[in-house]
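>>> Quick check, what structure comes out for this input:
(2 chains)
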Amino acid sequence: MFPIAFSELIQIFRNRLVLVTSFIIPVVVSAYFVRQHETFAALGSLGYIAAIVLFTVAAFGLYATTVTTLASRRQNLFLKRLRSTAIGDAGILARLLLPATVVALVQVAAILTALAMVAGGPANVPLLVVAIVATVAMLIGLGLATAGLTNSPEHAQVTTLPVTLGVIGVASWVGVTGTENLALLKRLLPGGSATEMVMNAWNGGVAVTDSLLLLAPTLGWVVIAVVAATRLFKWEPRR
Amino acid sequence: MSTTPVIEVERLNVKYGDFHAVKDLSFEVRRGELYALLGTNGAGKTSALETVEGHRTPTSGTVRVFGHQPGDRRAVRPRMGVMLQESGFSPDLTVRESVRLIGTLTRRTDDVDRVLDIVDLTGKAGRKVSQLSGGEKRRLDFATAVYGTPELIFLDEPTTGLDVQSRDHLWMTVDRLRENGATIVLTTHYLEEAQQRADRIGLMHEGTFHREGTVSELTRTLPAVIRFSLPPTAPALPVRAATDGDGRVVIETFDLQKDLHVLLAWAQDHAVELRDLEAGPTRLDNVFRAISG
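Residues are numbered from 1 along each chain as shown, chains lettered A, B, ... in the order given. Here you go, the predicted model:
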């Protein structure tokens, strides 16, 4: 079941560039937010810090790694090689992305646990977990779609910018200004409703049913990303 | 033993936009056969081969491998090994890790060390793929193709970049696999390899078969050749001849045995030495030149 995932994990740890840019930097940035939690809580709320941590790891870590890994494995024909074995396409992708996803979830869990210990925990843990899972699913979907537009790992440094900067920007906007104004726009932008959901889960004070409604736009983005991925994703480099 | 062909291709068409790469191609590969798919550049052999391997979907027509669609990976792949034209290994994995990974994913079982030994990469087992030479990467590719001794093996340009010793070694391994009943599909630019080893050849040109048959069926379509050098004082030849660029005499004939006999008798009678004498059927190269010329 796991030979591809295991080989991916080996490759992540052998490739220092991927290790540093995708796994260490997001942790360092997140640690900074946790350390300066009083400043950022005053600016937004503790829920805002939780959302920023989630999006930093999921966008700069998981999403960027997904795009870079898939572009690189396609460019050196490793994807084609995997497709000449007995395993199906969906199985190949799931196993390739499993290690980075697990690493991202562990990172988020660890950093949010640290935040809870220094500043107080979330009001609703199950809701927080749902928000994290939906956000991770959205960024994996966007990663698959972006990989279709990316020719090489170097090219990924450019093609990932709109989504990484975009979702961090949306999360900061929603986190700092709330959703009292321009609520519809903020909730429909990718990451907007997920940010609100994380804040509700952490800060409390909002009915769970209202928060769960916020899942719809995030899952909508998952569907859009997956549809785009099925059209854009290529298994072999263009000749 | 079953007589069902291992590969059946019927009226296969592959198109990329306006470009018609493969046109109404039909052929079959029988169990235990070494079938060479040859062609000029851009003849469509890679498109045809990749469709049979299951990397490409046909625009129309049917392809069956062991009676299944090639895309049915679970059914087909455990029974076939593929040596791709370009390597496709992760540079950060070692040789041993690569063989183990790809080997395991074929769902065949084998001993990684045994396979590394076959391709003479035991000493490089712990090296990263990025540190291998081009020839070593080809051997690694061959190792994953023969892992678990599959019934059907695709060899796409298997000896490109290999030195003579590695080439001989590879063919020795292929011969051994064939003794055990393996079916081989080969593409190569080294026509003498196909001429020496193929049971049958499909010769592609512009998307379809220009000719298909055994080596001798193909070479028989062109005259056999006798070639030698003559001293300037030699009397007139008994058969029609021409001179090549190096001043050597060239006789093209559809009746090699008779004309060679006449020539040798003439040389004996006139005490003429036929220096560097060569005689034989035309080479596959010439069949190629005839279609692309």
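>>> Residue 206: how many residues sit nearby?
In the absence of a named chain, chain A is used. 17 (other C-beta atoms under 10 Å in any protein chain shown). The way it works is simple: take the backbone N, C-alpha and C, and place the C-beta from them, glycine included.
>>> oops, chain B please
Neighbours of residue B:206 using other C-beta under 10 Å come to 16.
>>> Which residue, other than its chain neighbours, is closest to it?
residue B:43 (6.5 Å; C-beta to C-beta, 6 or more residues apart in numbering or on different chains).
>>> in stretch A:94-113, what counts as buried?
A:95-101, A:103-105, A:107-108, A:111-112 (16 or more other C-beta atoms under 10 Å in any protein chain shown).
>>> I misspoke; the intended subject was stretch B:34-44.
Buried-residue list, stretch B:34-44, by 16+ other C-beta under 10 Å: B:34-40, B:43-44.
>>> Pick the one among those residues closest to residue B:203.
residue B:38 (5.4 Å; C-beta to C-beta).
>>> Who are the packing partners of the helix or strand harbouring residue A:91?
Per DSSP states H and E: residue A:91 is located in helix A:89-119. With contacts defined as 3 or more C-beta pairs under 8 Å, 6 or more residues apart in numbering or on different chains; DSSP states H and E, helix A:89-119 has these neighbours: helix A:3-14, helix A:25-35, helix A:37-43, helix A:46-55, helix A:64-75, helix A:78-83, helix A:125-148.
>>> Nearest to residue B:133, out of the ones you listed?
With C-beta to C-beta, the closest approach to residue B:133 among the helices and strands packed on helix A:89-119 belongs to helix A:78-83: 18.8 Å.
>>> pLDDT on that closest one, on average?
Taken as a whole, helix A:78-83 has a mean pLDDT of 95.
>>> which strands and helices sit next to it?
Helices and strands touching helix A:78-83, by 3+ C-beta pairs under 8 Å, 6+ apart, are helix A:64-75, helix A:89-119, helix B:95-105.
>>> Relative to residue A:14, which of the ones you listed is closest?
helix B:95-105 (10.4 Å).
>>> So what's the residue count around whatever residue of chain A ends up closest to chain B?
Per C-beta to the nearest C-beta, residue A:77 is where chain A lies closest to chain B, at 3.2 Å. For residue A:77, the count of nearby residues is 21 (other C-beta under 10 Å).
>>> Is it in contact with residue B:91, as I believe?
No: contact criterion C-beta atoms under 8 Å: residue A:77 and residue B:91 do not qualify, at 11.2 Å.
>>> For the stretch 1-150 of chain B, list the residues in contact with chain A, please.
B:53-55, B:73-74, B:77-78, B:82, B:84, B:86-93, B:97, B:100-102, B:104-107, B:128, B:144 (C-beta under 8 Å from any C-beta of the partner chain).
>>> Next up, the contacts around residue A:159.
Residues in contact with residue A:159 (C-beta atoms under 8 Å, 6 or more residues apart in numbering or on different chains) are A:67, A:146, A:149-150.
>>> Check the secondary structure at the closest residue in space to it that isn't next to it in sequence for me.
In this structure, residue A:159 finds its nearest non-sequential neighbour in residue A:150, 4.5 Å apart by C-beta to C-beta, 6+ apart. At residue A:150 the chain is in coil, as set by DSSP: H, G, I helix; E, B strand; the rest coil.
>>> thinking residue A:150 is in contact with residue A:71, fair?
Yes: at 4.4 Å, residue A:150 counts as touching residue A:71 under the criterion of C-beta under 8 Å.
>>> what sits in contact with each of the two?
With C-beta under 8 Å, 6+ apart, residue A:150 and residue A:71 have common neighbours residue A:156.
>>> show me what contacts the residue nearest to the spatial centre of chain A?
Central residue of chain A (C-alpha atoms, centre = their mean): residue A:58, 2.4 Å from the mean position. When contacts are counted by C-beta under 8 Å, 6+ apart, residue A:58 touches A:104, A:108, A:135-136, A:139.
>>> Which pair of those residues spans the longest distance?
Farthest apart among the contacts of residue A:58 - using C-beta to C-beta - are A:108 and A:139, which lie 11.6 Å from each other.
>>> domain assignment for chain B?
B:7-218, B:223-282 (automatic domain parsing).
>>> Burial-wise, tell me which of these comes out on top.
Highest mean neighbour count among the domains of chain B (mean count of other C-beta atoms under 10 Å in any protein chain shown): domain B:7-218, with a mean of 19.
>>> what about the chain, any weak spots by pLDDT?
Answering for chain A, as no chain was given. For chain A, the stretches with pLDDT under 70 are A:1, A:239.
>>> actually it's chain B I care about, not the one you picked
B:1-2, B:292-293.
>>> how about whichever residue of chain B sits closest to chain A, secondary structure?
Residue nearest to chain A within chain B: residue B:88 (3.2 Å; C-beta to the nearest C-beta). Classification of residue B:88 by three-state DSSP places it in coil.
>>> Does it touch residue A:81 like I think?
Yes: assessed by C-beta under 8 Å, residue B:88 is found in contact with residue A:81 at 3.7 Å.
>>> hang on, the earlier thing: please name the nearest non-neighbouring residue to the residue of chain A closest to chain B.
Nearest to residue A:77 is residue B:88, by C-beta to C-beta, 6+ apart, at 3.2 Å.
>>> cool, residue B:266 as well?
Closest residue to residue B:266 apart from its sequence neighbours, by C-beta to C-beta, 6+ apart: residue B:238 at 4.5 Å.
>>> go on, residue A:185?
Per C-beta to C-beta, 6+ apart, closest to residue A:185 is residue A:192, 7.8 Å.
>>> what about the one you found, how many residues close to it?
Residue A:192, neighbours per other C-beta under 10 Å, totals 25.
>>> how about the residues of chain A near chain B?
So chain A meets chain B at A:3-4, A:7, A:10-11, A:14-15, A:73, A:76-88, A:236 (C-beta under 8 Å from any C-beta).
>>> Among the residues you listed, name the buried ones.
So, by 16+ other C-beta under 10 Å, the buried ones in those are A:3-4, A:7, A:10-11, A:15, A:73, A:76-87.
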